[in-house]
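Asker: build me a model:
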Amino acid sequence: MSPPVEGPVAPWSWHLVRASAIALALLAPVELVSWLIVPDVARWDAVRLAARWESPVWRVADWSFLVLGLLHATLGARERLGRSLRPGAALALADAAVLCAGVALGLLGTRTAFTFGL
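Answerer: Residues are numbered from 1 along each chain as shown. Purely as a prediction, here's the structure:
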């Protein structure tokens, strides 16, 4: 694991990426078992998802997995961009594109998770 670096990436970002990785490592086995191992994967459809999401616990668990994954990916991509590009317009444009994509996917996933089947 690389230590936090000084420069274009904020130190809080480094710590947040590591914390989200730990949370994802704890949530991923639960998600994999509940989605792929316990039920028959061939029988998954929208009706089965709606039945699963009747429970607020599963909605929040699936939503938090999505949000943590997007947070981890967005901050990790920003960190890599900060190390790969020189400060300037190209870095600002790439950074804005990554942030916009992360926010857009997060909003779309949030809308889906909390309005699906209602």
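
Asker: gap between the least confident helix or strand in the chain by mean pLDDT and the chain center?
Answerer: When each helix and strand of the chain is scored by mean pLDDT, DSSP states H and E, helix 46-52 comes last, with a mean of 85. Mean-position distance between helix 46-52 and its chain equals 22 Å (CA atoms, centre = their mean, to the nearest Å).

Asker: ok, stretch 49-62 next?
Answerer: Relative to its parent chain, stretch 49-62 has a centroid offset of 17 Å by CA atoms, centre = their mean.

Asker: helices along this protein, start to end?
Answerer: For the chain, the helices defined by DSSP state H occupy 11-32, 46-52, 56-84, 89-115.

Asker: what residues does the first one touch?
Answerer: Put plainly, it is helix 11-32. Identification of contacts with helix 11-32 by CB atoms under 8 Å, 6 or more residues apart in numbering yields 1, 4-5, 61-62, 64-65, 68-69, 71-72, 75-76, 78-79. Just so you know, the C-beta spots here come from the backbone N, C-alpha and C atoms, and that holds for glycine as well.

Asker: can you do 6 Å?
Answerer: 4, 65, 68, 71-72, 75-76 (CB atoms under 6 Å, 6 or more residues apart in numbering).

Asker: next, the angle helix 56-84 makes with that helix.
Answerer: Using axes from the mean of the first three to the mean of the last three CA atoms, to 10 degrees, the direction of helix 11-32 lies 140 degrees away from that of helix 56-84.

Asker: any idea how far helix 11-32 is from the chain center?
Answerer: Offset of helix 11-32 from its chain centre (CA atoms, centre = their mean): 9 Å.

Asker: so which bits of that helix are buried?
Answerer: Neighbour-count burial for helix 11-32, counted by 16 or more other CB atoms under 10 Å, picks out 13-14, 17, 20, 23-24, 27.

Asker: ok, stretch 84-101 next?
Answerer: Residues of stretch 84-101 classed as buried by neighbour count (16+ other CB under 10 Å): 85, 91, 94-95, 98.
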